[in-house]
Every structure is written in structure tokens, then in C-alpha cells.
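**Q** here is my input; please provide its structure:
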Amino acid sequence: METNNEYKLVPGFGNSFGAGWRVMSDNFLRLFLVVVVLVIVTGPLRMFKFNFNMSDLHNLPWNMGHELGHNMMGLLTLGSLGIFAAFFALLAMLYAFLVAPIFDFGADMIFVQAVRKIKPDFEYLIKGFTENYLHIVLANLLVFALVVLGFFALIIPGIIIGCRLMFVSYIVMDKKLDPIEAVELSWKLTKGHGWQIFFMGFVSIFIFIFGLCMLIVGIFPALIWISSSFASLYESVLREKEPKVEVVTA
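**A** Okay, the predicted model is just below:
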């Protein structure tokens, strides 16, 4: 890890967004390419969405929307559509848990490299398929399950858990820890920074909306700035707390 502190990596709301902006400015084209890849990768998740509306049946030649209750053909067709929708929902779920996290985790590591003033390595986008694949998939699944359980407990615990586990993806890629160790380390690192992460996430929503309003193309710099800012926060907190945190590696 380089020790160059040019980006003034000090934990803090304003410091993180300020450092993120400078990181984006210095590495815009490379990080832009990373974001473009992520947008393309998430495309299949939108493609797999299947919405069934009964009114759509009126467009069929035999007008099954009107005859559905009385026509066996309508029932069979509805069952077929249900199976079709369930199949694509299953594909979307498998893709979301087994493929997309590899790109997401890899992209997070690329942003950390940019923060460290290391030339971003695009191989990280796919490196997870051959290295650390199981840890990435299980870590993503564990965080998802913990956040969902937290939301079932009156929402607020889910928000807290989500904020405290914000660094899991960075840790899995950076420290090569297993899911449990990554969750535990993220919880230790984010101690005292939960509110900061929450407000950064809240402000990021408005940055994204503003980018969306800028003729849509503004989404890309908005996403780059947000990702760079959180990567800057991770690196600054890591430098602050890493000597105080025991990291168990194989």
C-alpha cells in the first residue's frame, strides 16, 4: 500500500466527498469505464424482470382476459405464463447472487486502488471468478441476509447493519478474509462512523438524482464520485484503525 496522503484521507463526511472528487478527477476515464461495465452487467437484472398484467390477455387472438374464468385454454396459458415468470425470476436471483457480486466487489477494489494512487487494475472486474469466488458470494449473501433480518426488525436495525457492514466488499477483496472475518472487521472499522456512513448514503441519493436530471449522462460522474467517496472513507478509516484491529489471515 502506498502511504502518499495527497488526497488528505481523514475520516469525515466532507473529507470523504472531497477526496472522492479529487480521485474522480485524476482517474476519470478509467473509473468511467468501470462504471460503464457495471451498468452493462446489471442490465440482465432489469431484462429478467417479468410483469404480468391481466389486461395483456385482451391482446391475444382469443381474448382470454374475458374468457379466463370459463375457458380451460385460458387457465393453461395463465399457468404457462406463471411458470415462465418463475423461471426468469429464478435466473435473475441466481445472476444477482452468483454473478453480479463478482463485478461489484472487483469494482470496489479498483476504486480503492485509485484512492491509493495505484493504477487501477481492470482484471479485478473478473478476477473474482477465479480467485476468492466463494468468499465473495458468501459474503454478499451474508450481508444481504443480515440486512434483511434487520429490516424485518422495524427497519432501523437493518439500516444500522447496512451502515456497519459497508466495508465488507472492500475487506474481502483487499484483505482476502472469509465472510465471517470480513463482517467482524467491518463492524470494528465502522465503529464510531455509522452516522457518517448513513449521511453519506443519504446525500448520495441526491447526488444520483441530480446526475439523473443532467440529461441522464450525469449519472456516470455521479456514480464515480459516490464510489470514490466511499472508497476514500474506507481507506481513511483503515489507516486510522488498522494498527488497532487484529486481522486474522490464513
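
**Q** give me the residue at the spatial middle of the protein.
**A** residue 104 (5.7 Å; CA atoms, centre = their mean).

**Q** quick one: classify that one as helix, strand or coil.
**A** Assigned with DSSP: H, G, I helix; E, B strand; the rest coil, residue 104 falls in the helix class.

**Q** for the chain, name the helix or strand with the lowest mean pLDDT.
**A** helix 64-67 (a mean of 43; mean pLDDT, DSSP states H and E).

**Q** quick revisit: grab the nearest non-local neighbour of the residue nearest to the centre of the chain.
**A** Leaving out its chain neighbours, the residue that sits closest to residue 104 by CB to CB, 6 or more residues apart in numbering is residue 169, at 6.6 Å. Every C-beta, even on glycine, is put in place using the N, C-alpha and C of the backbone.

**Q** ok, now residue 212?
**A** Distances taken as CB to CB, 6+ apart put residue 219 closest to residue 212, at 5.6 Å, once the chain neighbours are dropped.

**Q** what do you get for residue 41?
**A** Spatially, and ignoring its direct neighbours in sequence, residue 41 is nearest to residue 103 (4.7 Å; CB to CB, 6+ apart).

**Q** residue contacts, the one you found?
**A** By CB atoms under 8 Å, 6 or more residues apart in numbering, the residues touching residue 103 are 37, 38, 41, 125, 126, 128.

**Q** from those, which has minimum pLDDT?
**A** Of all these, residue 41 carries the smallest pLDDT score, 87.

**Q** where does the chain have low pLDDT?
**A** Applying pLDDT under 70 to the chain picks out residues 1-5, 43-82, 84, 242-250.

**Q** just the helices in it please.
**A** Counting by DSSP state H, the chain has helices at residues 13-26, 28-41, 43-47, 64-67, 72-98, 100-115, 124-127, 133-152, 156-164, 168-175, 179-189, 194-213, 219-241.

**Q** adding distance to residue 6, write those out as JSON lines.
**A** Conversion of these to JSON lines gives the following (distance: least, CB to CB, whole Å):
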{"stretch": "helix 13-26", "distance to residue 6": "8"}
{"stretch": "helix 28-41", "distance to residue 6": "17"}
{"stretch": "helix 43-47", "distance to residue 6": "36"}
{"stretch": "helix 64-67", "distance to residue 6": "64"}
{"stretch": "helix 72-98", "distance to residue 6": "37"}
{"stretch": "helix 100-115", "distance to residue 6": "10"}
{"stretch": "helix 124-127", "distance to residue 6": "22"}
{"stretch": "helix 133-152", "distance to residue 6": "30"}
{"stretch": "helix 156-164", "distance to residue 6": "28"}
{"stretch": "helix 168-175", "distance to residue 6": "20"}
{"stretch": "helix 179-189", "distance to residue 6": "22"}
{"stretch": "helix 194-213", "distance to residue 6": "21"}
{"stretch": "helix 219-241", "distance to residue 6": "12"}
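
**Q** of all those helices, which one comes closest to residue 7?
**A** Closest approach to residue 7 among those (CB to CB): helix 13-26, 4.3 Å.

**Q** what's in contact with that closest one?
**A** Taking contacts as CB under 8 Å, 6+ apart, the residues outside helix 13-26 that touch it are 7-9, 31, 111, 114-115, 196, 199-200, 203, 221, 224-233, 236.

**Q** quick check: ChimeraX command selecting the buried ones in these.
**A** Only the buried members of the contacts of helix 13-26 enter the following ChimeraX selection, criterion being 16 or more other CB atoms under 10 Å:
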select :7,9,31,111,114,115,196,200,221,224,225,226,227,228,229,230,231,232,233,236
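
**Q** tell me who's in contact with residue 180.
**A** Listed by CB under 8 Å, 6+ apart, the contact set of residue 180 reads residue 142.
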